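Student: I would like to see how this sequence folds:
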Amino acid sequence: MTPVLLLAAEKESAQVTDWAARIGWVVGLGLFVALVYWLMREGWKWRGTLQGDLPELPTTPADPGPEKLSLSGRYHGSTTAGQWLDRIVARGLGTRSRAELTLTDAGLDVVRPGASDFFVPVAQLREARLDKGIAGKVLTEGGLLIVTWEHGDRLIDSGFRSDHAAEHSEWVEAINSMIETNTREGVER
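Tutor: Below you'll find the model as predicted:
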């Protein structure tokens with residue numbers, strides 16, 4: 001057997017960081033992220049332009065009547081009725097926010113700190129139901145209170161989530177009862 005001699009390898013210096021290439025990549029990545037953000041913003045504005053025919057949102061009447069129900073929670077957005085991914089962004093309806101809902105004999109008052117408040121008169125309410133999703137938000141079955149209402153010539157679904165989800169069923173019953181009563185009174189007149 002012949003002895004194997006290991007010769008010491010020549011020492012190499014540590015690799016030098018190529019700062020110019022690294023800075024170039026970071027700047028390129030930053031520009032790419034900025035471009036994507038700008039395109040998303042332009043898409044949001046374009047969607048608002050396409051939905052520009054949506055009339056101004058109704059405001060709360062001076063005397064809406066006594067409070068039937070109130071709810072504190074989150075407003076998750078509005079979509080075209082029956083199309084849970086077709087978000088409506090015009091008139092501030094696309095802005096998620098905290099919300100205080102109040103149901104009165106006059107209709108549904110939606111107060112949103114930091115966003116546009118709106119009021120849905122009882123004559124424009126069409127349905128209330130529990131669902132699991134609305135554009136950009138998916139929860140467990142029955143996790144969202146969806147209120148369908150008519151505004152202009154459009155049916156709109158608005159999604160709310162109470163801080164106490166057990167309240168949702170009571171709201172569905174109360175709103176649907178108001179709609180039935182209003183429909184009966186409208187037919188009798």
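
Student: For G48, report the pLDDT, please.
Tutor: Predicted confidence (pLDDT) for G48: 82.

Student: meant to ask about Q83
Tutor: So Q83 comes in at 89 (pLDDT).

Student: any idea how far L155 is from it?
Tutor: 10 Å (C-beta to C-beta, to the nearest Å). In this view, the C-beta of every residue, glycine as well, is placed from N, C-alpha and C.

Student: Could you check which of those two is surrounded by more residues?
Tutor: In this view Q83 and L155 are compared by other C-beta atoms under 10 Å, and L155 has more residues nearby, 16 against 11.

Student: Could you pull up the contacting residues of the more buried one?
Tutor: Taking C-beta atoms under 8 Å, 6 or more residues apart in numbering, we find L155 in contact with 80-82, 126, 148-149.

Student: rerun at 10 Å
Tutor: Residues in contact with L155 (C-beta atoms under 10 Å, 6 or more residues apart in numbering) are 80-83, 124, 126-127, 148-149.

Student: Would you list the phi and psi of it?
Tutor: phi -90, psi 130 (degrees, to the nearest 10).

Student: just for the protein, where's the confidence low?
Tutor: 1-11, 13-14, 186-189 (pLDDT under 70).

Student: what's downstream of the longest helix along it, the next helix or strand?
Tutor: Longest helix in the chain, counting residues (DSSP state H): helix 19-50. As assigned by DSSP states H and E, the chain's next helix or strand after helix 19-50 is strand 67-80.
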